[in-house]
Each structure stands twice: as structure tokens, then as C-alpha cells.
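# please work out how this folds:
(one chain, ligands or ions: 2)
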Amino acid sequence: MNRTANFDFTVVVPIYNEVENMDRLRLRLGAFADGCRMNTCILFVNDGSSDGSLDRLEEICRDNGRFMYIGFDRNYGLTAALKAGIDHTFSKYVGYIDADLQTDPEDFNLLLEHIEKYTMVTGIRAARKDSFFKRFQSKFANGFRRMMTNDGAADTGCPLKVLHTDAAKKLPLFTGMHRFLPALILLQKGGTYLQVPVRHYPRTAGKSKFNMLNRLWGPFADCFAYRWMKKRYIDYSVKNSDFHE
Ligand code: UDP
Ligand code: MG
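Residues are numbered from 1 along each chain as shown. Ligands and ions are numbered 1, 2, ... in the order given. Purely as a prediction, here's the structure:
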């Protein structure tokens, strides 16, 4: 257990060389956590940054009781950062937002409205503010993934999501699998998700960490991994036991 257990909602923020975004994160996430109707904390996951992000993180977490962080010994990638965030969350609900704030933390409120009824509520970037080329790649990847997984999800890459922490902890997360969250949730017995349009902004500071190769080839191969996983997935129900709790 850790301090996230004192909160109802933990927002996981993956950080890889985002020093230019640190002040905005401090202000915007601080304001969101203070104003949210759920008792909220922010868990930063430093994914082996080499640009001084960790020093800034230490500072901002020292100054705000709602902020905390964990840090890796090296860079493991976005899915690993998300998994570590979920593993270290002990509040009822867990959320995810990117450090570049291309989505708006205030829109967590739109997602939280529905979270009691669904296992996961995910944003979809209604008017996406990325280059034509990036949007084209994403449309293509989303279409292929939908065909292969039948997950019905319009925009799995949207960096604004809220999940029940117990369901999130059961997700088999391997590198790249953060793009399959709706499909993975549907594997769970009774697993459901809802999509809600959210605002989207261009990246205004720091650099994107992904390129065409890791945005398209990885997810393409992962579709086959998902289909294998779906066939072999185990989700049992216990009917009888003599445990008395
Ligand atoms: N990120 C990470 N580890 C990595 C690559 C990225 O933790 O190896 C984080 C990054 O700091 C950001 C998020 O993942 O918070 C999404 O990255 P980015 O904005 O570069 O992705 P894009 O929006 O271009 O797809
Ligand atoms: Mg981004």
C-alpha cells in the first residue's frame, strides 16, 4: 500500500523527457485535483528521463500533498509506465493522461460521471489537433485494429481514460498493449466501456516520442497477439468455497 490509498481517484502521468511541460503539469493537474468532486491524487511515473524531469518532479511533489511519483531505473516505454502506475494505485479508480496535456485534465470530470456504470470510460478526440499525416496513420491503425479485434473502439490512443482499479490491475499489459485497452476490458467477464468525446490540443512543448514505425508496425503485429490472447484467455468464476471471510 502507499498514499494513493487515501484517495478515491489516482491519475497516472507517464513522464519521459517532459521537463518543458513540468510547470503546466503542476498548475493544471493541481487545479484539477483541488476542484474535482472526487478526492484525487496524481501519480507521476518517470520512465527513465535524461533531461532533468526527475529533479523537477521531486520538487513539485514535495510542494503538493496530492502529488507523488515513482521512477524507473531506465526507459521502458509508455505501456510499462502505465502498468507501473496501475500496479502502484490503491484508490478505487485510476485514470491516465499524457504529460504533454494534449487532452484537458478537466475533461476527467466528463468521464468520471459514467464510471460507476462502466468498467472503463475512455475519451475520443473529437476534433483532433495533430498533423494530417499523424491523423491518417491513426485512422488506418484504428480501422485495422477494429477489424481484427471487434472492439468497436473509435480512438484507443486517446490519452484520457478512467478505469476501475481492480479491473485495470487484471489487464495483461505487454509493450504496445495500451492501444488495446477496450479490447482487453471486453475479455473480462462483465467488462464494459463507454466512449465520450473530449477536447484535444496540439503538443505545445517537448517532443513526440513516437514515429510512423512504432505507431503502425507494432500495433499491426499486436493485433495477432491479441487474437491469440483472446482464444487462450482464462476468466473463471468461483461458485463454491469454504472460505469464511
Ligand atoms: N512516454 C513514456 N515513455 C516513452 C515514451 C513516451 O513515458 O518511452 C510518455 C510521454 O512522456 C508522454 C506519453 O508517454 O507523457 C505520450 O507520448 P507522446 O506525447 O510523445 O506520444 P504522441 O502523443 O506523440 O503519440
Ligand atoms: Mg502527445
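# mind checking the SS state of the most centrally placed residue in the chain?
Nearest to the mean C-alpha position of the chain, by Cα atoms, centre = their mean, lies Tyr96 at 3.4 Å. Three-state call for Tyr96 (DSSP: H, G, I helix; E, B strand; the rest coil): strand.
# that one against Ala84, yeah?
No: counting by Cβ atoms under 8 Å, Tyr96 stays clear of Ala84, with 11.9 Å between them. Every C-beta, even on glycine, is put in place using the N, C-alpha and C of the backbone.
# Gln137: how many residues sit nearby?
18 (other Cβ atoms under 10 Å).
# who in the protein is up against ligand 1?
14-16, 18, 47, 75, 77-78, 81, 98-100, 102, 208-210 (Cβ under 6 Å from any ligand atom).
# in the sheet, who's paired with the residue nearest to the centre of the chain?
Counting by DSSP bridges, Tyr96 is bridged to Val12, Lys161.
# pull out the buried residues from the residues of the chain next to ligand 1.
Neighbour-count burial (16 or more other Cβ atoms under 10 Å) applied to those gives 14-16, 18, 47, 77-78, 81, 98-100, 102, 209.
# among those residues, which are in reach of ligand 2?
When contact is defined as Cβ under 5 Å from the ion, these meet ligand 2 at 98, 100, 102.
# pick the one among those residues closest to Leu112.
Ranked by distance to Leu112 (Cβ to Cβ), these are led by Asp98 at 18.1 Å.
# contact partners for the nearest residue to the closest one once chain neighbours are set aside?
Leaving aside its chain neighbours, Asp98 sits nearest to Pro159 (3.8 Å; criterion: Cβ to Cβ, 6 or more residues apart in numbering). Residues in contact with Pro159 (Cβ atoms under 8 Å, 6 or more residues apart in numbering) are 96-98, 102-103, 123.
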